[in-house]
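# What follows is a predicted structure for the sequence shown.
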Amino acid sequence: MREKGEDEAVVRLARLDTCAVSDALDKLGLPGAALGLTALAAPRRITGRAVTVDLVEQRSEVAGSGRHLGTAAVDASGPGDVIVVAHQGRTHAAGWGGVLSTGARCNGVEGVVVDGACRDVDEACELDLPLYATTGVPITARGRVVERAWNVPVDIVGVPVAPGDLVIADASGVVFVPSAHAERVLATAEAIAATERAMVERVRAGHAMADVMSADYETMLDR
């Protein structure tokens, strides 16, 4: 298991926020912002590498894993990892729950992102486990949803996510960065963040907003 501090890309990502990273993806013409996911528990910025879980409706023709969803991902994850559950936007049953949150917390997982509903949100709050999802729901997945596979490419609100892709989530939302483009995205986001820090300093120094946020700002993300 790799320590978080040993992953230079994650260290650099942790110095940014979702807005700068989303702007960088826009500038480079890449997808990444997963819309509609918000912090339900322990709302703070998280960063890490994606460990994915793919869920499907339980039907007789679907061969599930034979164990409860998400367990293999929790067992394999630790510091520097964010568990990403592809629940396809379902809200009629939970794609994540309290026992899984306990396991994730014990293993030092950075946080969990669920494309759909999750339950036992109070437990995640008590555990101080950051949990980003569509909404809370009390209804169990058992008998309704099963794990099709884990650590496979998935779709999160229309954004393709592969195992090992970078994840950043904060109060503004959730953004994924393809690992193949990480260096370009991080460098671009760092430049954008530096430009915006300089703009803030000018505002604090008393410069007119119209001067600070001029045409240069409007075209900053042009390709």
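Thanks, I have the structure now.
# What are the buried residues along the lengthiest helix in the chain?
If you go by DSSP state H, the chain has its longest helix at helix 182-204. Judged by neighbour count (16 or more other C-beta atoms under 10 Å), helix 182-204 contains these buried residues: Ala182, Arg184, Val185, Leu186, Thr188, Ala189, Glu190, Ile192, Ala193, Met199. Bear in mind the C-beta positions are built from the backbone N, C-alpha and C, glycine included.
# and what of stretch 101-114?
Buried residues in stretch 101-114, counted by 16+ other C-beta under 10 Å: Ser101, Thr102, Gly103, Ala104, Arg105, Asn107, Val109, Glu110, Gly111, Val112, Val113, Val114.
# Name the nearest of those residues relative to Asp122.
If you rank the buried residues of stretch 101-114 by distance to Asp122 using C-beta to C-beta, Ser101 comes first, at 10.1 Å.
# show me the residues around the residue lying closest to the closest one once chain neighbours are set aside that make contact.
Nearest residue to Ser101 in three dimensions, chain neighbours excluded: Ala124, at 4.6 Å (C-beta to C-beta, 6 or more residues apart in numbering). Taking C-beta atoms under 8 Å, 6 or more residues apart in numbering, we find Ala124 in contact with Leu40, Ala41, Ala42, Gly98, Ser101, Val112, Cys118, Leu131.
# In which helix or strand does the first one reside?
Assigned by DSSP states H and E, Leu40 belongs to strand 38-41.
# so how far is whichever helix or strand comes after that strand off the chain centroid?
From strand 38-41 onward toward the C-terminus, using DSSP H and E, the following helix or strand is strand 46-57. Taking C-alpha atoms, centre = their mean, to the nearest Å, the mean C-alpha location of strand 46-57 is offset from the chain mean by 8 Å.
# can you give me the helices for this protein?
Under the criterion DSSP H, helices of the chain are mapped to 8-14, 18-28, 71-76, 98-107, 121-127, 182-204, 209-212, 215-218.
# Turn those helices into JSON lines, columns for mean pLDDT and distance to Arg90.
Shown next, in JSON lines, are the helices of the chain (pLDDT from 0 to 100; distance: least, C-beta to C-beta, whole Å):
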{"stretch": "helix 8-14", "mean pLDDT": "96", "distance to Arg90": "29"}
{"stretch": "helix 18-28", "mean pLDDT": "97", "distance to Arg90": "24"}
{"stretch": "helix 71-76", "mean pLDDT": "96", "distance to Arg90": "18"}
{"stretch": "helix 98-107", "mean pLDDT": "97", "distance to Arg90": "16"}
{"stretch": "helix 121-127", "mean pLDDT": "97", "distance to Arg90": "16"}
{"stretch": "helix 182-204", "mean pLDDT": "95", "distance to Arg90": "30"}
{"stretch": "helix 209-212", "mean pLDDT": "88", "distance to Arg90": "44"}
{"stretch": "helix 215-218", "mean pLDDT": "75", "distance to Arg90": "39"}
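# Many thanks, we can stop here.
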